[in-house]
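Peer 1: any chance you can model this:
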Amino acid sequence: MTMGSVTSHRDLVVWQKSMDLAVLVYRLSQKFPSSEAYRLVSQMTRSAVSVPANIAEGHARSSRKDYSHFLSVAKGSLMETETYLMLSVRLRYITEDDAGSALSIITELSKMITAIRSKLADN
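Peer 2: Coordinates of the predicted model:
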């Protein structure tokens, strides 16, 4: 499904920013103790990667309803990532400053996904 001059999910700012978030989460997770490799790190990186993956999959679908559904899943993964980041701060694996950039991107992405879903519903 294409909207305007967008021909690929790679053209979507929301996808680009969600990829930036995934990279940032991976970088932050490198600060975690090795004991978390298969626990919190695994969960957090999986949820962060799920955001752009679901945006891309939804964009490739043929209906607005499907696209909206995948955006909803992406937003759920976004909130999951936020939760893991906040837990990481509480566990003192990363500082609030470390998490700040990622949390700001999450807030921005959440608003963007909500706006796209609203636009899909209006058309």
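Peer 1: so which bits of stretch 92-103 are buried?
Peer 2: By neighbour count, with 16 or more other Cβ atoms under 10 Å as the criterion, the buried positions of stretch 92-103 are 93-94, 98-99, 102-103. Backbone N, C-alpha and C define where each C-beta goes, glycine included.
Peer 1: which residues are contacting that stretch?
Peer 2: Applying Cβ atoms under 8 Å, 6 or more residues apart in numbering, the contact partners of stretch 92-103 are 21, 24-25, 28, 31-33, 36, 40, 81-82, 85-86, 88-89.
Peer 1: for the record, mean pLDDT for it?
Peer 2: Averaged over stretch 92-103, pLDDT sits at 96.
Peer 1: picking up where we left off before, PyMOL command for the buried members of the contacts of stretch 92-103?
Peer 2: A single PyMOL command selects the buried members of the contacts of stretch 92-103 (16+ other Cβ under 10 Å):
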select buried, resi 21+24+25+28+32+36+40+81+82+85+88+89
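Peer 1: need the phi and psi values for residue 61.
Peer 2: phi -70, psi 160 (degrees, to the nearest 10).
Peer 1: and it, how far from residue 79?
Peer 2: With distances taken as Cβ to Cβ, to the nearest Å, residue 61 is found 22 Å from residue 79.
Peer 1: which ones among the contacts of stretch 92-103 lie within strands?
Peer 2: Judged by DSSP state E, the contacts of stretch 92-103 include no members of strands.
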